[in-house]
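In: need coordinates for the following:
(one chain, ligands or ions: 1)
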Amino acid sequence: MFANFSSTEYRQTRIAYRNAIVLIRQAHYALHDYITIGRQSTVSTGDRIRIENALFNSFYYFERNNSSYTRRNGTNSNNRFLRDYGYSIDSISRNLNQLNRHATHYEVQRSWSDMDGDDFIRVYESSNDLNNVVNRIIAYSVRSRPHVHTDQRSREHGNIYLNSGFFTLSADHQIGVIIHEMCHTVLRFGFSRTTPNSNDTYMQDNGYDTMTLSQAIVNPDKYAQFILLLAERSLL
Ligand SMILES: [Zn+2]
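Out: Below you'll find the predicted structure:
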């Protein structure tokens, strides 16, 4: 049982985490097939359009609106998008692969009943854990908190902290939040010097739509957006 979680909160968190893992895996395999020579013929036209539209509307939003490209309508099959943006799609694909491998590892190593507060920690507004949390933040993650958790896995990947706001979100939005936080804990976004916290721009923030491609590739909400769009889930 998660420490400090009510049974309803525990169930919501398990479902959101489970769905986040499934959607990450689906996105990973879809993009892998899309970009890998030799696999491309297995991607149906409908899937290709869905992938390109999801890429366009998340990572390439700024490019899309500031270049000669127009939104794909499915009539073009000459792989122009892949030819021109393949290098950056490859980076996105590698990051999805890391998220997927991490998720797979968790799933294999730990059955549902084994999940506990080492992965997700419920924090309360009155708690000291929430020292640096302001109203708009509903979840956060910390790379290393040896005074709280000392096992190796926690040090490696960090934990995800959830407060009351998380449990008021829609089911799809909760999935997006967990994907966002996994980008911090698994991909180290926001934890390295090259990707400072200042790049942790949220979907509703000014600047989200004008992010350059190189910024978008290391932005947690962009991955959450892409994965949810691909799965045709609502973003909020
Ligand atoms: Zn963040």
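
In: now do the phi/psi pair for residue 162.
Out: phi -120, psi 140 (degrees, to the nearest 10).

In: revised request: answer the last question for residue 21.
Out: According to degrees, to the nearest 10, residue 21 has phi -60, psi -50.

In: tell me how far it lies from residue 227.
Out: Using C-beta to C-beta, to the nearest Å, residue 21 is found at 11 Å from residue 227. From N, CA and C alone the C-beta is placed, and that goes for glycine too.

In: neighbour count winner among these two?
Out: More crowded of residue 21 and residue 227, by other C-beta atoms under 10 Å: residue 227, with 26 against 21.

In: where does the chain come near the ion, residue by residue?
Out: 200, 220 (C-beta under 5 Å from the ion).

In: ok and the residue in the chain nearest the ion?
Out: residue 200 (4.2 Å; C-beta to the ion).

In: by mean pLDDT, which helix or strand of the chain comes out lowest?
Out: helix 152-157 (a mean of 42; mean pLDDT, DSSP states H and E).

In: quick check: buried residues in stretch 80-96?
Out: 81-82, 85, 88-89, 92-93, 95-96 (16 or more other C-beta atoms under 10 Å).

In: if I look at the residue lying closest to residue 17 once chain neighbours are set aside, what pLDDT would I see?
Out: Of all residues not flanking residue 17 in the chain, residue 178 sits nearest, at 5.7 Å (C-beta to C-beta, 6 or more residues apart in numbering). For residue 178, the model assigns a pLDDT of 91.

In: cool, and residue 56?
Out: pLDDT at residue 56 comes out at 89.

In: got it, and residue 173?
Out: With respect to pLDDT, residue 173 has a value of 93.

In: please, which helix or strand holds it?
Out: Using DSSP states H and E, residue 173 maps to helix 171-185.

In: name the next helix or strand downstream of that helix, please.
Out: For helix 171-185, the succeeding helix or strand toward the C-terminus, using DSSP H and E, is helix 213-216.

In: what comes up buried for that next one?
Out: Buried residues in helix 213-216 (16+ other C-beta under 10 Å): 213, 215-216.

In: please enumerate the helices of this structure.
Out: Listed in chain order, the helices of the chain (DSSP state H) span 7-35, 45-57, 61-65, 80-109, 152-157, 171-185, 213-216, 220-230.

In: confidence-wise, which of those helices is weakest overall?
Out: helix 152-157 (a mean of 42).

In: out of the helices of the chain, flag the one nearest residue 120.
Out: For those, proximity to residue 120 was assessed by C-beta to C-beta; helix 7-35 is nearest, at 5.5 Å.

In: helices or strands up against the closest one?
Out: helix 45-57, helix 80-109, strand 120-122, helix 171-185, helix 220-230 (3 or more C-beta pairs under 8 Å, 6 or more residues apart in numbering; DSSP states H and E).

In: out of those, nearest to residue 7?
Out: Closest to residue 7 of these, according to C-beta to C-beta: strand 120-122, at 12.1 Å.

In: what's the neighbour count on residue 9?
Out: By other C-beta under 10 Å, neighbour count at residue 9 equals 17.
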